[in-house]
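**Q** Have a look; sequence and predicted model below, questions after that.
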2 protein chains.
Amino acid sequence: MIKSDYKMAKEKVFAIKKLSLRVQPLDLMAGGIIVLMNAQEAHQNDIFTGYRVIVRAGKRQITAMVDLTNDMVQPGHIGLFYEAFSELKPDKNGFVEVELTSRPESIEYIKNKLDGKENEPRQISTIINEVMQNRLSDGEMTAYMTACYIRGMSDNEVVGLTDAIVKTGQKFELKRSPILDKHCIGGVAGNRTTMVIVPIMAAAGCYMPKTSSRAITSAAGTADTMETLCPVTLPIDEMVAQVRKIGACVVWGGAINLAAADDKMIKVRNPLSLDPKGVLLASILAKKKSVGAQYCIIDIPVGRGVKVQDVHEARSLAKDFINIGKRLDIKIEAIITNGENPIGRGIGPALECRDVLGVLEGDGPADLRDKSCQMAGTLMEQAGKCRKGEGHAIAQKLITNGKALSKFKQIVEAQGGDARKLNARSVPIGSHKYSFKAVRAGRISHLDNKMLSRLARAAGAPSDKGAGVYLHCNHGDMVRPGETLLDIYAESESKLDLAIKVLGSYEAIEMEKVVLDSLRE
Amino acid sequence: MIKSDYKMAKEKVFAIKKLSLRVQPLDLMAGGIIVLMNAQEAHQNDIFTGYRVIVRAGKRQITAMVDLTNDMVQPGHIGLFYEAFSELKPDKNGFVEVELTSRPESIEYIKNKLDGKENEPRQISTIINEVMQNRLSDGEMTAYMTACYIRGMSDNEVVGLTDAIVKTGQKFELKRSPILDKHCIGGVAGNRTTMVIVPIMAAAGCYMPKTSSRAITSAAGTADTMETLCPVTLPIDEMVAQVRKIGACVVWGGAINLAAADDKMIKVRNPLSLDPKGVLLASILAKKKSVGAQYCIIDIPVGRGVKVQDVHEARSLAKDFINIGKRLDIKIEAIITNGENPIGRGIGPALECRDVLGVLEGDGPADLRDKSCQMAGTLMEQAGKCRKGEGHAIAQKLITNGKALSKFKQIVEAQGGDARKLNARSVPIGSHKYSFKAVRAGRISHLDNKMLSRLARAAGAPSDKGAGVYLHCNHGDMVRPGETLLDIYAESESKLDLAIKVLGSYEAIEMEKVVLDSLRE
């Protein structure tokens, strides 16, 4: 009786610190959820910089970090940074309720993980939910990631994390079969296989509700490349309807919120390039699970400058994908590919799009065509659409007979693009061009994915769709003096100049016994 | 030849991204070093939210995180948050140079630590230097702390970390002997032994250049309490001169920057309450080392609600202090004390100051007097000022004969206070008072350090010096109905009301078989 009285009393105490403050939107972007409070008022309420508060507007609420000011926000008001305002969507002159957060439940589970105890699925689910509510600071999330990295994760934990991430997203119910997906571990410039594989699989009678990413540090993501031809931000119900009708889509995953928690975690993982294997697996497989994939192929490129640098690591990762896939009811095949050099000729949205269309038209870069057909063939065999060993040839045939191209055009049209006059040459590219030539003879010993991406970015990619790099040489080629090694395309003279300066500073193409001439002709 | 050309070229590329921007001071406090850039201009230069840039003004430079805005800062300008402006001190309308940071060298060492490799002292020194330059993000520092927590730290690492922290601070050269110091692991309300021990030791002919902290979550730190009587922010040369002349000082450590890196690390450790033992040891011992301490006593309170909750942990910590102390040439004794209940009667700067003066006047709370004499006695024995077993009595005698009080008054005067009419009763306390009484008979079973501190803070402590709580009961006391358990003092009616509300909500004093009456008389 006395004890329960005390409990009630303890809850009461938080009520004292509830503030009602008038909203003041701020033109400030911090990449996180931040509110700005008057320093004096905050201190009176035991709130200091870096504290977290819950801000409520009607039924919506956010958890935000507190910055302080003396003058910019007066007592009785609260400034909302862009991200906080976008997420809470309060009335511009309305009032919000502010109170200090209590200690997140996750802290205990994270400390357990630090101490080497395995987390139960229920605990992982709490961590992910509190991540979604912004209740964990970057520091706390980093601690969790670090603990997962050092302590490792059991299969149970990886499956639990995958399920928890899937639950944070929207539901996607296709009610069709077979549903396929693919994934590439990334880092290879120009590696635009998705846009070739998707129409092949749909032409083969499979369903491929493909969600893709935009470029973060590369010159183009699949979403950026597809966007050259049609919109890629579809509402989830339109996406479902389209896939039911024509078998496939290629949309931007960021717009449909299928595995929302993942984006928040990626933000934390990036600064230290910390990628605990279990988190990487869960993050990728959650996106497959959330579209209902039954079969999936994973491309693991290995080489200098890509994520996986050694073939043993690649094999172990492949094995993990397959094992965790089984637990999640996804049949996975993983292929280990050469990631040393770019795939295709173009680097940048429009230039990569031209490569894709070229391949679908029966032409285009041979390496892109072969790799895409290999992956599409494997998927076909997995899904039981053909016998083992026949997939590659069937994929190739669906290109030759024009069915893949025709399906691709259907997809473009369904997403709101105009495919009537579409062909590889019709995709507009930057009108400012610079050809970079060899001054001496030599053999191309390396084409650097990262440097070429940086070059394409300097030229304007991915935001300038027509900007980028077009390669005229391959790894191993012998080149003569005066031969063009690559073209840079840009949409403005100034960006072309910037790219040329960057070209003079990076060793994007390595040649044996040859000095590159970086002077403009 | 070709290679070195490339190297030069690679360096050139950073030059492209160097921006000259006009300073715009902002009234924004974030608790970190943040600059605000125009979004469009930043994106054109490959700078995104959360990226870190180096900002140079003349010879000074800071590393700052980037927030973005569309309107608040125009292209060609850069907004400096309060902390960034204070640290860089640029001309208000002058130009600063801004460029993206390269990858901090520490990242590799932190990753090594994550992977279980021991860091060399040189590597730890790099980490601490980059912490000081703000080159590491909170996430990266958390990862380091987490790794130190999970992997543990070797003695070599702890010594290396201590040395590295000492090097970040100002030099303090007393050239006197013996130099003493003390430290308490903290968490016990009212535990103001420092202000009693320091004058006793100086009266005994020792040197005690004491730097103390302000309250973070408690109701008063030693610096806050001393500040009731005199300034505590002395320049380091005045501090040295004072200690040489009269043997001691009691100043705020935060003002003299003796172990600057420590404050930055504490900020990161706090959110997860993550306290890797090695970091805790280094953080404390760096402060002792930097004042040149030869002998030191460490108070490790054990009990509910304080930092160390179990006696085994306390013993292991004591052993570590002694061992690492040896490596650093500091002779350390550690005592394990009861931290369950507050020490002394007052909680809050002025009320604790009254307790201290009471003890020095030969009266005051018995527990505070005994604990202080025990610690002072141990220090005296360590420093060879008396034989083993005699220290406590000598300390007691220096109180009885008035020498400690007279030394204390010297210290107050030397720091700029007025000690002429100083006595326990002369210290002003809040004029608004509320007496909290027992409604039934019972035995006091627990006085909660945290709850009592919170209560004193609600009344205005530590910023209102006269605010706080005065205890009329001790653990184990039998109390009768109507007997006063505690008084709350505040400097305003409204704060007194707030404290009374808080009192009704927390279980600050536990009684067996008694219901507390929280109604105002």
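**A** Received, thanks. Numbers count the residues shown, from 1 in each chain, chains lettered A, B, ... in the order given.

**Q** Chain A - how does it break down into domains?
**A** With domains defined by automatic domain parsing, chain A comprises A:2-100, A:106-152, A:180-257+A:282-414, A:432-512.

**Q** Quote the end-to-end distance of the second one.
**A** Looking at domain A:106-152, the gap from its leading to its trailing residue is 18 Å under the measure C-alpha to C-alpha, to the nearest Å.

**Q** Now it: average pLDDT?
**A** In this model, domain A:106-152 carries a mean pLDDT of 91.

**Q** cool, the longest one as well?
**A** Computed over domain A:180-257+A:282-414, the mean pLDDT rounds to 95.

**Q** Run the chain-centre distance for stretch A:494-506.
**A** Counting by C-alpha atoms, centre = their mean, to the nearest Å, stretch A:494-506 is centred 27 Å from the centre of its parent chain.

**Q** Convert it to CSV, retaining C-alpha atoms only.
**A** C-alpha atoms of stretch A:494-506 as CSV (Å, rounded to 0.1, in the frame of the first residue of the first chain):
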residue,chain,number,x,y,z
SER,A,494,32.6,25.0,-64.9
LYS,A,495,31.9,21.5,-63.7
LEU,A,496,33.8,20.1,-66.7
ASP,A,497,36.7,22.3,-65.6
LEU,A,498,36.5,21.0,-62.0
ALA,A,499,36.5,17.4,-63.2
ILE,A,500,39.5,18.1,-65.4
LYS,A,501,41.3,19.5,-62.3
VAL,A,502,40.3,16.4,-60.3
LEU,A,503,41.5,14.2,-63.2
GLY,A,504,44.9,15.8,-62.9
SER,A,505,45.1,15.0,-59.2
TYR,A,506,43.9,11.4,-59.0
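
**Q** Does that stretch reach chain B?
**A** Yes: Stretch A:494-506 lies within reach of chain B by C-beta under 8 Å from any C-beta of the partner chain, at A:498, A:501-502, A:504-506. Where C-beta positions appear, they are placed from N, C-alpha and C, glycine not excepted.

**Q** Pull out the buried residues from that stretch.
**A** Counting neighbours by 16 or more other C-beta atoms under 10 Å in any protein chain shown, one finds that the buried residues in stretch A:494-506 are A:495-500, A:502-506.

**Q** Residue A:112 sits in which helix or strand?
**A** helix A:106-114 (DSSP states H and E).

**Q** and the next helix or strand after that helix, what other elements does it pack with?
**A** Counting by DSSP H and E, the next helix or strand C-terminal to helix A:106-114 is helix A:121-132. The elements that helix A:121-132 packs onto, with contact taken as 3 or more C-beta pairs under 8 Å, 6 or more residues apart in numbering or on different chains; DSSP states H and E, are helix A:106-114, helix A:155-167, helix A:260-269.

**Q** in stretch A:117-132, what counts as buried?
**A** So stretch A:117-132, judged by 16+ other C-beta under 10 Å, has buried residues A:119, A:123-132.

**Q** for stretch A:296-316, that is, sorry about that
**A** Applying 16+ other C-beta under 10 Å to stretch A:296-316 flags A:296-303, A:305-308, A:314 as buried.

**Q** Which pair of these spans the longest distance?
**A** Pairwise distances across those (C-beta to C-beta) peak at 25.4 Å, for the pair A:296 and A:305.

**Q** mind listing the helices for the stretch 1-150 of chain A?
**A** A:2-16, A:39-44, A:82-88, A:106-114, A:121-132, A:138-151 (DSSP state H, counting those that start in this stretch).

**Q** Tell me the spacing between the residue nearest to residue A:61 when sequence neighbours are not counted and chain B.
**A** Distances taken as C-beta to C-beta, 6 or more residues apart in numbering or on different chains place residue A:54 nearest to residue A:61, at 5.7 Å, with adjacent residues excluded. As judged by C-beta to the nearest C-beta, to the nearest Å, residue A:54 and chain B stand 17 Å apart.

**Q** And for residue A:114?
**A** Relative to chain B, and taking C-beta to the nearest C-beta, residue A:114 is found at 6 Å.

**Q** how many neighbours does that residue have?
**A** Counted with other C-beta atoms under 10 Å in any protein chain shown, the neighbours of residue A:114 add up to 19.

**Q** In contact with it: list those residues for me.
**A** A:143, A:147, A:151, B:146, B:149-150, B:274 (C-beta atoms under 8 Å, 6 or more residues apart in numbering or on different chains).

**Q** Against residue A:262, how distant is it?
**A** 22 Å (C-beta to C-beta, to the nearest Å).

**Q** And residue A:116, by the same measure?
**A** Following C-beta to C-beta, the distance that separates residue A:116 from residue A:262 is 25 Å.

**Q** Quick check, central residue of chain A?
**A** residue A:213 (4.0 Å; C-alpha atoms, centre = their mean).

**Q** The nearest residue to that one once chain neighbours are set aside and residue A:215: what is the separation?
**A** Take residue A:213 and drop its neighbours on the chain: the residue closest to it by C-beta to C-beta, 6+ apart is residue A:221, 4.7 Å away. The spacing between residue A:221 and residue A:215, counted by C-beta to C-beta, is 4 Å.

**Q** For those two, work out which one has more neighbours and name it.
**A** Shown here are residue A:221 and residue A:215; by other C-beta under 10 Å, residue A:221 has more neighbours (24 against 20).

**Q** Please look at the more buried one and residue A:462 and confirm they touch.
**A** Yes: under the criterion of C-beta atoms under 8 Å, residue A:221 makes contact with residue A:462 at 7.1 Å.

**Q** hey, what's in contact with both of those two?
**A** A:214-215.

**Q** Phi, psi for the residue lying closest to residue A:483 once chain neighbours are set aside please.
**A** Closest residue to residue A:483 apart from its sequence neighbours, by C-beta to C-beta, 6+ apart: residue A:438 at 5.2 Å. Per-residue torsions, residue A:438: phi -80, psi 140 (degrees, to the nearest 10).

**Q** Can you tell me the number of residues neighbouring residue A:438?
**A** 22.

**Q** Also residue A:370?
**A** Around residue A:370 there are 15 residues (other C-beta under 10 Å).

**Q** Run the chain-centre distance for the helix or strand it falls within.
**A** Assigned by DSSP H and E, residue A:370 falls within helix A:366-382. Centroid displacement of helix A:366-382 relative to its chain, using C-alpha atoms, centre = their mean, is 22 Å.

**Q** Who are the packing partners of that helix?
**A** strand A:180-184, helix A:194-203, strand A:295-302, strand A:331-338, helix A:349-360, helix A:391-400.

**Q** Can you give the contact residues for it?
**A** A:180, A:182, A:190-193, A:196-197, A:200-201, A:204, A:206, A:295, A:297, A:299, A:331, A:333, A:335, A:337, A:343-344, A:355-356, A:359, A:386-396, A:398-399.

**Q** List only those of those flagged as buried.
**A** A:180, A:182, A:190-193, A:196-197, A:200-201, A:204, A:206, A:295, A:297, A:299, A:331, A:333, A:335, A:337, A:343-344, A:355-356, A:359, A:386, A:391-392, A:394-396, A:398-399.
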